[in-house]
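Asks: My questions are about this predicted structure, shown below with the sequence.
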Amino acid sequence: MSSPRPPLRFATLADTGGVRVTEVLCSAPRAPLGGEESADLSRLVLPTGGVFSCRVRRTAHVMEPGSALLLRPDEPYRFGHPAAGGDTCLVVALAPGLWEEAAGPGAPEAGRLPLGVREQLATLSFRRAVRDLAHDPDAVREAALIRVAEVLGACARPDGNPGGRVPLLHRRLARTAAAFVAEHHAEPIPRLLDAAAAAAGCSPYHLARVFRSVQGVTLHGFRERLRVASALRALAEGADDLASLATSLGYASHSHLTGRLRRVTGSTPSAVRDLLHGGGGGRRP
């Protein structure tokens, strides 16, 4: 007889453009495997705390931070808890078309994916990123696509992951997308990744992966650099209406701009403005 599932709490961090990111917090006593379940989409489960067990493809696994669990909609699974204390994890689910792109010909089979300490750090960084970007679901979506690509790439079968230098075509796509973002970085485009992918003539997933491999930063991170640079230039030129400045750069509010500048410079916009004008004859008239 299967035991009932322990209390679960879910927090949807993003659900847009075929990508759904959910944080799951489970308060569970020690329990055997429960009843059979199935998923509506292919998904990657990234443990961030505690342990749980899962049986998939007739194999039982113990999942801990530093590993990942790949689940597919046509393969049922069962969860349990080999130890008390519960667990926390991030679940990234992809629509079929995106999953096929992410998986590629060398994708691992459903089940446990051993990753290691470095990948655990990457998962924790991803968790922090999705929380920091909660106001921008499209940025979370981009980060999720990249994280899935990293995990599946790290566990890909050798015949499907040839590696090598960045192809010229990828560099061209990244340049096209960078030019698009540069032209529109101050506009509040709700789905930047989709818009840039349309401009570059490729899929959003492909652009997310290619852009970071070429530019060394995500598409949204690139836009943020441009916005911050524009804000600093405006402050250097004497801008003092911070609410208007925030709006002109596509920020949702004055506090949003303040938070971004504080993160980059360690100072508030007014302090940055004073610093930029310090020792230079004071503020411009």
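Replies: Nice, I can see it. Source: prediction; values computed, not measured. Numbers count the residues shown, from 1 in each chain.

Asks: Would you map the strands across this structure?
Replies: Counting by DSSP state E, the chain has strands at residues 8-16, 19-26, 42-50, 52-56, 59-63, 67-71, 77-80, 87-94, 111-114.

Asks: closest to residue 147 out of these?
Replies: strand 87-94 (6.5 Å; C-beta to C-beta). From N, CA and C alone the C-beta is placed, and that goes for glycine too.

Asks: What strands line up against the closest one, and which way round?
Replies: strand 19-26 (antiparallel), strand 42-50 (antiparallel) (DSSP bridges).

Asks: now the last one against strand 59-63, angle please.
Replies: Taking axes from the mean of the first three to the mean of the last three C-alpha atoms, to 10 degrees, strand 42-50 and strand 59-63 form an angle of 50 degrees between their directions.

Asks: Please identify the buried residues of strand 42-50?
Replies: 42, 43, 44, 45, 46, 47, 48, 50 (16 or more other C-beta atoms under 10 Å).

Asks: and which of those is nearest residue 92?
Replies: residue 44 (4.8 Å).

Asks: Sketch out the low-pLDDT regions of the stretch 151-285 of the chain for me.
Replies: 156-166, 278-285 (pLDDT under 70).

Asks: coming back round to it: so for residue 253, which of the strands paired with strand 87-94 sits nearest?
Replies: Nearest of those (C-beta to C-beta): strand 19-26, 23.6 Å.

Asks: For the closest one, what does the pLDDT average out to?
Replies: For strand 19-26, the mean pLDDT works out to 92.

Asks: repeat for stretch 95-103
Replies: 85.

Asks: Quick check: buried residues in it?
Replies: Quick answer for stretch 95-103 (16+ other C-beta under 10 Å): 98, 99, 101, 102, 103.

Asks: CA-only coordinates of it, as CSV, when you get a sec.
Replies: Extracted as CSV, the C-alpha positions of stretch 95-103 are listed here (Å, rounded to 0.1, in the frame of the first residue of the first chain):
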residue,chain,number,x,y,z
ALA,A,95,7.5,22.4,-24.2
PRO,A,96,8.2,19.6,-26.7
GLY,A,97,9.8,21.8,-29.4
LEU,A,98,12.2,23.4,-26.9
TRP,A,99,13.0,20.1,-25.3
GLU,A,100,14.0,18.5,-28.6
GLU,A,101,16.3,21.4,-29.3
ALA,A,102,17.8,21.2,-25.8
ALA,A,103,18.1,17.5,-25.8
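
Asks: who's in contact with it?
Replies: The contact list for stretch 95-103, computed with C-beta atoms under 8 Å, 6 or more residues apart in numbering, reads 18-19, 41-42, 94, 145, 148-149, 152, 203-206.

Asks: redo that, cut-off 10 Å
Replies: 17-20, 41-44, 70, 72-73, 92-94, 107, 141, 144-146, 148-149, 151-153, 156, 160, 203-206, 208-209 (C-beta atoms under 10 Å, 6 or more residues apart in numbering).

Asks: picking up where we left off before, just the closest of the buried residues of stretch 95-103 to residue 117, please.
Replies: Out of the buried residues of stretch 95-103, the member with the shortest distance to residue 117 (by C-beta to C-beta) is residue 102, at 23.4 Å.

Asks: tell me the contacts of the closest residue to that closest one other than its chain neighbours?
Replies: In space, and not counting its chain neighbours, residue 102 is closest to residue 148: 4.9 Å by C-beta to C-beta, 6 or more residues apart in numbering. The contact partners of residue 148, by C-beta under 10 Å, 6+ apart, come to 19, 42-44, 46, 68, 70, 92-94, 98-99, 101-103, 126, 205, 208-209.

Asks: Figure out which of the strands of the chain is closest to residue 137.
Replies: strand 8-16 (4.2 Å).

Asks: So which of the strands paired with strand 87-94 is nearest residue 255?
Replies: Closest approach to residue 255 among the strands paired with strand 87-94 (C-beta to C-beta): strand 19-26, 24.0 Å.

Asks: quick revisit: reformat the buried residues of stretch 95-103 as TSV; add distance to residue 263.
Replies: Shown next, in TSV, are the buried residues of stretch 95-103 (distance: C-beta to C-beta, whole Å):
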residue	distance to residue 263
98	30
99	33
101	32
102	29
103	34
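
Asks: In helices only, show me those.
Replies: Counting by DSSP state H, those place 98, 99, 101, 102, 103 in helices.

Asks: Thanks a lot, catch you later.
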